[in-house]
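# Curious how this folds, go ahead:
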Amino acid sequence: MKTILFTLTLAITSFILNAQSVVSENSDKGTSLKVTVTLRGSGGHILVSLHNEASFMKQPLQAASLEIKDGKAVATFSHLAPGEYGVVVLHDKNDNKQMDFEPNGMPKEAFGISNNVMLMGSPQWNDAKFEVGETPVEIEIRL
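Residues are numbered from 1 along each chain as shown. So this is what the prediction gives:
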């Protein structure tokens with residue numbers, strides 16, 4: 001259990017600190033992905049990372065730190081080549097850019113992945129992946 005939580009913390013912290021944008025070879029091409037995060041809580045920021053299978057739970061392709069307005073935060077990732085992607089989201093309530101845990105190892109801050117899968121451990125690629133084609137895509141992730 002501690003290994004799973006440590007891995008999750010490390011991955012989320014890593015994508016925040018080392019995020020870089022990777023775009024298709026021709027930046028005038030590709031499509032966009034709009035990610036809307038809805039949540040009950042307030043305060044802090046929403047941290048969103050975009051991954052492909054090779055980068056999942058490692059360094060993201062693109063990442064964003066978003067302000068929360070009226071229970072929502074919206075990120076747009078541009079210049080995406082067609083393929084499979086996954087999104088990981090963290091509600092960083094105290095703005096320390098990492099996931100915080102209770103003494104028993106349970107997360108203190110809400111997190112989620114694309115497809116809104118309920119998690120009982122680290123996120124898995126097969127649960128998070130979705131297809132991006134030639135047209136813009138919009139997804140919603142609920143925390």
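# which residues does the residue nearest to Lys93 when sequence neighbours are not counted contact?
Spatially, and ignoring its direct neighbours in sequence, Lys93 is nearest to Gly44 (4.0 Å; CB to CB, 6 or more residues apart in numbering). Bear in mind the C-beta positions are built from the backbone N, C-alpha and C, glycine included. When the contact criterion is CB atoms under 8 Å, 6 or more residues apart in numbering, the partners of Gly44 are Ile68, His91, Asp92, Lys93, Asn94, Asp95, Glu109.
# which of the residues you listed has the most neighbours?
Comparing the contacts of Gly44 on neighbour count, His91 comes out first with 24 neighbours (neighbours: other CB atoms under 10 Å).
# Go ahead and list the helix or strand containing that one.
For His91, the element it lies in under DSSP states H and E is strand 83-92.
# swap in Asn126?
Asn126 is part of helix 125-128, with elements assigned from DSSP H and E.
# Can you give the distance of that helix from its chain's centre?
Relative to the centre of its chain, helix 125-128 is centred 12 Å away, using CA atoms, centre = their mean, to the nearest Å.
# Kindly report the same for stretch 32-46.
If you compare the mean C-alpha spot of stretch 32-46 with that of the full chain, they lie 10 Å apart, counting by CA atoms, centre = their mean.
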